[in-house]
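In: Quick one, fold the following:
(one chain, ligands or ions: 1)
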Amino acid sequence: MRWSATLYGGPLIALAIVLPAHHGAPSLLAQQHPSTTIGALETIQIRPNVYVVFGAGANVTVHVGDDGLILVDSGSSDTSKALLKAVTSISNRPIRLIINTGADADHVGGNDAIARAGVPLTPDPFTLEPQATILAHENVLRRMSAPTGRPSPFPPTAWPTETFTSQFKSLYVNDDAVQVIRQTGAHSDSDVMVLFRKADVVVTGDIIDLRHFPVIDRTRGGGIQRELDALNRLLKELIVPNLPNVLKPGGTLVVPGHGYVSDYGEVVEYRDMLTVITDIIRNMIEKGMTVDQVKAADPARGYRGRYGAGTGPWTTEMFVEAVYQSLKESTP
Ligand SMILES: [Zn+2]
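Out: Okay, the predicted model is just below:
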């Protein structure tokens, strides 16, 4: 019965199990797995054929196999040279595919430089300048290009070469089943998660951002309900915990958009935190409180220590306001 309490979300029990291993400490993985540092970028091997590069904007996941390299996200443009160095030092096989989890500049900024160093998944002999395939949700292309007559924020060589709008985009590459899963409307309108089924690694993009409270980008189509849906889907459908043998290391590995590589317990903690704060804010809205009153009441108080930020691009105040506005919008 102990297991089911953790599995189905008894928050207190889950926290009690998770906190000692994760709270504030650097990833256990970082200590256990081989790590290489090139310049400012650190690369950690998390599976025999999967690596994560830190320090180039968003986390960049690299999957290696006979077909070549698959990257999930490409970091920022100003670190693209360093990232290319880090990636080619993992393996000298060709870069074949970049999957973008969203359209933010720190996730797509390296598309141009990285793709140009690669070759497409399906080479076309008539292309003069072949580049790696870039796959993303259609909204990523919309965000990266621009309506006719206006300058686009990114050069065409950085744009996705293949887009989709369906629930899944499935590929069989590097002898692994790769599922790109649409999860739009959580962090933004462009979110996807990537599941490497054989390697048992799921990459979440900014649906999970362990630096602070999740960024609900309301100006770009993000919303709290879909953010919660995404976290619950991860826990119910995509991540397998190391149960029942808790003492044996294992389970699905989770690469967040930012922060250390995690597992089921960390995502339970993140989901519970968000559920609690959302419930508190919903309650305050039902009492008729204004956004300023809600902010003053500090509904995120219990989690400020772990996820709060007083300054920087995503403060606790901004998070509380985004949840408030998002709930207001969905309540008739
Ligand atoms: Zn990000």
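In: What is the burial count for the closest residue in space to residue 259 that isn't next to it in sequence?
Out: Spatial nearest neighbour of residue 259, excluding adjacent residues (C-beta to C-beta, 6 or more residues apart in numbering): residue 210 at 2.6 Å. Just so you know, the C-beta spots here come from the backbone N, C-alpha and C atoms, and that holds for glycine as well. Residue 210 has 21 neighbouring residues, counting by other C-beta atoms under 10 Å.
In: Can you give me the pLDDT of residue 210?
Out: As predicted, residue 210 sits at a pLDDT of 97.
In: ok, it to the ion distance?
Out: In this view, residue 210 and the ion are 11 Å apart by C-beta to the ion, to the nearest Å.
In: A helix includes residue 56, no?
Out: No. Using DSSP: H, G, I helix; E, B strand; the rest coil, the assignment for residue 56 is coil, not a helix.
In: residue contacts, the closest residue to it other than its chain neighbours?
Out: Closest residue to residue 56 apart from its sequence neighbours, by C-beta to C-beta, 6+ apart: residue 75 at 3.2 Å. Each residue near residue 75 by C-beta atoms under 8 Å, 6 or more residues apart in numbering is listed here: 53, 56-58, 60, 83, 106-107, 109-110.
In: Where do the helices of the stretch 201-332 of the chain begin and end?
Out: In the stretch 201-332 of the chain, the segments counted as helices under DSSP state H, counting those that start in this stretch are 224-233, 264-286, 291-297, 304-307, 316-330.
In: How about residues contacting stretch 127-137?
Out: By C-beta under 8 Å, 6+ apart, stretch 127-137 touches 94-100, 103, 108, 111, 114-124, 157-165, 169, 180, 182, 184, 190-192.
In: Could you turn the buried ones of these into a PyMOL selection?
Out: Restricted to buried positions by 16 or more other C-beta atoms under 10 Å, the PyMOL selection for those reads:
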select buried, resi 94+95+96+97+98+99+100+103+108+111+114+115+116+118+119+120+121+158+159+160+161+163+169+180+182+184+190+191+192
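In: restrict the contacts of stretch 127-137 to those near the ion?
Out: Subset of those in contact with the ion: empty, counting by C-beta under 5 Å from the ion.
In: what does the stretch 1-150 of the chain have sitting close to the ion?
Out: Checking the stretch 1-150 of the chain against the ion by C-beta under 5 Å from the ion, the hits are 58, 104.
In: mind redoing it with 8 Å?
Out: Within the stretch 1-150 of the chain, the positions near the ion by C-beta under 8 Å from the ion are 57-58, 102, 104, 106-107.
In: now, the most widely separated pair of the residues you listed?
Out: Pairwise distances across these peak at 11.7 Å for 57 and 102 (criterion: C-beta to C-beta).
In: When these two are compared, which one has more neighbours?
Out: Per other C-beta under 10 Å, whichever of residue 57 and residue 102 has more neighbours is residue 102, with 30 against 24.
In: Ramachandran angles for that one?
Out: Per-residue torsions, residue 102: phi -180, psi -170 (degrees, to the nearest 10).
In: Tell me which stretches of the stretch 51-200 of the chain form helices.
Out: Under DSSP H, counting those that start in this stretch, the stretch 51-200 of the chain gives helices at 80-90, 105-108, 111-116, 138-144.
In: ok, the nearest residue to residue 220 once chain neighbours are set aside - contacts?
Out: Among residues not flanking residue 220 along the chain, residue 188 sits closest, at 4.3 Å (C-beta to C-beta, 6+ apart). Contacts for residue 188 (C-beta under 8 Å, 6+ apart) come out as 102-104, 139, 206, 217, 220-222.
In: redo that, cut-off 7 Å
Out: Listed by C-beta atoms under 7 Å, 6 or more residues apart in numbering, the contact set of residue 188 reads 102-103, 217, 220-222.
In: Any chance of the residues you listed in a markdown table with pLDDT and distance to residue 264 as columns?
Out: Output for those, formatted as a markdown table (pLDDT from 0 to 100; distance: C-beta to C-beta, whole Å):
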| residue | pLDDT | distance to residue 264 |
| --- | --- | --- |
| 102 | 98 | 23 |
| 103 | 97 | 28 |
| 217 | 97 | 26 |
| 220 | 95 | 29 |
| 221 | 97 | 28 |
| 222 | 97 | 24 |
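In: ok, those vs residue 196, which is closest?
Out: For those, the minimum distance to residue 196 (C-beta to C-beta) is 18.3 Å, reached by residue 102.
In: For the closest one, give its distance to residue 292.
Out: From residue 102 across to residue 292, the span is 30 Å (C-beta to C-beta, to the nearest Å).
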